[in-house]
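Chemist: missing the sequence, but the structure's below:
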């Protein structure tokens, strides 16, 4: 009965470098979401995957952000040419209905 | 932009007291959900209330929804120190009910 897992738990990178964040959803969940949470703030929707449908990318803040979901399971969020304002906790969630199950997040720090 | 706005931003109460948090939103919704976030961890779903419901209970939690005022409240009764966390409301709109829009949260401190 594993929940949503994310890796790494923490990532420190230098400005301008690319980073990849990974999310393993709960087995059988067809929906997968990425959110971003800045310090002391609520969650900002980034992208949503549902089965084989085209993802909803409407929340991605810039074209430096992209995400893939391979085989309807694992997802990778890629941030290219990171900027200091990208520093945040990136949360992944999966669902099979209205309730979303969240992973522990990846804390990204861009120096 | 934030759909939900919680108030108060922070709340400090004594163990055993009740805690009430409010959430206001701007557009029509399909459902409203409350989540809890312990420091540095992922969110945990607490309760979901649909737009055609007015009140819902789950253990020590009571949620109300007033669609005419576009507001919801979360009541935690007989609070415990373990209830210390941040609480977020999240709304799902009718046109894209999967996408949750979160408020900025209420930080609750329950003093033992």
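Modeler: Cool, the structure landed. Note that the structure is predicted; figures quoted are calculated from it, not measured.

Chemist: Contact residues of chain A facing chain B?
Modeler: Counting by C-beta under 8 Å from any C-beta of the partner chain, the residues of chain A lying close to chain B are A:4, A:31, A:33, A:35, A:40-45, A:48, A:50, A:56, A:59, A:91, A:93, A:95, A:98-105. All C-beta atoms are positioned from the backbone trio N, CA, C, and that covers glycine.

Chemist: Let's see that with 10 Å instead.
Modeler: Neighbours of chain B within chain A, by C-beta under 10 Å from any C-beta of the partner chain: A:3-4, A:6, A:9, A:31, A:33, A:35, A:37, A:40-45, A:47-48, A:50, A:56, A:58-59, A:89, A:91-93, A:95, A:97-105, A:107.

Chemist: can you give me the helices for chain A?
Modeler: Under the criterion DSSP state H, chain A contains no helices.

Chemist: which regions of it sit below the pLDDT cut-off?
Modeler: Of all residues in chain A, those with pLDDT under 70 make up the ranges A:1.

Chemist: List the buried residues in stretch A:98-111.
Modeler: Counting neighbours by 16 or more other C-beta atoms under 10 Å in any protein chain shown, one finds that the buried residues in stretch A:98-111 are A:98, A:100, A:101, A:102, A:103, A:104, A:105, A:106, A:107, A:108, A:110.

Chemist: And the strands in chain A, which stretches?
Modeler: Ranges of strands in chain A, per DSSP state E, are A:5-7, A:10-13, A:19-24, A:31-37, A:43-50, A:65-69, A:75-79, A:88-95, A:101-102, A:106-110.

Chemist: Please apply the same query to chain B.
Modeler: Using DSSP E, the strands of chain B run over residues B:5-7, B:10-14, B:19-24, B:31-37, B:43-50, B:55-58, B:61-66, B:71-76, B:85-92, B:100-102, B:106-111.

Chemist: Generate CSV for the ones you listed, with mean pLDDT, distance to residue A:66 and mean neighbour count as supplementary columns.
Modeler: Below are the strands of chain B laid out as CSV (pLDDT from 0 to 100; distance: least, C-beta to C-beta, whole Å; neighbours: other C-beta atoms under 10 Å in any protein chain shown):
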stretch, mean pLDDT, distance to residue A:66, mean neighbour count
strand B:5-7, 82, 30, 19
strand B:10-14, 96, 36, 13
strand B:19-24, 96, 32, 20
strand B:31-37, 94, 26, 23
strand B:43-50, 94, 24, 18
strand B:55-58, 96, 38, 12
strand B:61-66, 98, 37, 18
strand B:71-76, 97, 34, 20
strand B:85-92, 93, 25, 24
strand B:100-102, 89, 21, 25
strand B:106-111, 96, 33, 18
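
Chemist: got these as CSV, with distance to chain A columns?
Modeler: As requested, those are exported to CSV (distance: least, C-beta to the nearest C-beta, whole Å):
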stretch, distance to chain A
strand B:5-7, 8
strand B:10-14, 10
strand B:19-24, 11
strand B:31-37, 6
strand B:43-50, 4
strand B:55-58, 12
strand B:61-66, 14
strand B:71-76, 15
strand B:85-92, 6
strand B:100-102, 4
strand B:106-111, 9
